[in-house]
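> Quick one, what's the 3D model for this:
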Amino acid sequence: MKKPKKKKAKPSDDDYVDNRQLYDALVDYRKKAKDHENSGRKKPKLPDYIGECILKIASRLSYRPNFANYPYREEMVSDAVLNCITYIDNFDPKKSTSPFGYLTQICWFSFVRIINKEKKEKYTQYKFAEQQNNKDFQNWFNETYSGIDIGRKDFFGLTDSDMERFDEMLTPKKTKRKKKVKKDSLDI
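Numbering: from 1, shown residues only. This is a model prediction of the structure:
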């Protein structure tokens, strides 16, 4: 006896963006923007539909396992939406018919940029705490986390690779100065 095939669940309108409709809306918006530019008027307002699509893309992407557990996920979504709106005019319908992919890439790189910025800030806080000769801070940390196998690095949410990367990035490098060769003015 054959098992009945499972039907693929169709995405609901609330969860997904229709790439074709988004493409058509962007083409219309680009036409209007070009007309306004040619007539010397201000750029038109971005249609609500495109704004909703951008928000859906950024929100859904933020729930991927790569990004879901960060405490600043809402900041990541906000920054991604801002970047999408900023770079929406760079979408070229002649080169691509997938604005969904284009916007998703913008959101992805925006998320990564925010994560790196936050990690760098945590690294700075870690280094500040490490350099403190304040006995009160040392005692507070040891009392608060006694019995728990957690170090300061773990407290600040930094991995060994984060530490190496930021140490290399933020440590001033010694540069060798080239010796200046004096030219003798009598040489011809």
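
> and Ala25, what does it touch?
Ala25 makes contact with 47, 49-50, 53, according to CB atoms under 8 Å, 6 or more residues apart in numbering. Using the backbone N, CA and C atoms, a C-beta is placed for each residue, glycine as well.

> So for stretch 16-36, mean pLDDT?
Taken as a whole, stretch 16-36 has an average pLDDT of 93.

> rewinding a little: report the buried members of the contacts of Ala25.
49-50, 53 (16 or more other CB atoms under 10 Å).

> from these, which is closest to Glu168?
The shortest approach to Glu168 among those belongs to Cys53, at 39.7 Å (CB to CB).

> For that closest one, give me its contacts.
17, 22, 25, 100, 103.

> Look up phi and psi at Gly51.
When quoted as degrees, to the nearest 10, the phi and psi of Gly51 stand at phi -60, psi -40.

> And it, what's its pLDDT?
Looking at Gly51, its pLDDT stands at 95.

> how close does it sit to Phe128?
To Phe128, Gly51 is 40 Å away according to CB to CB, to the nearest Å.

> Of these two, give the one with the bigger neighbour count.
Gly51 (15 against 9; other CB atoms under 10 Å).
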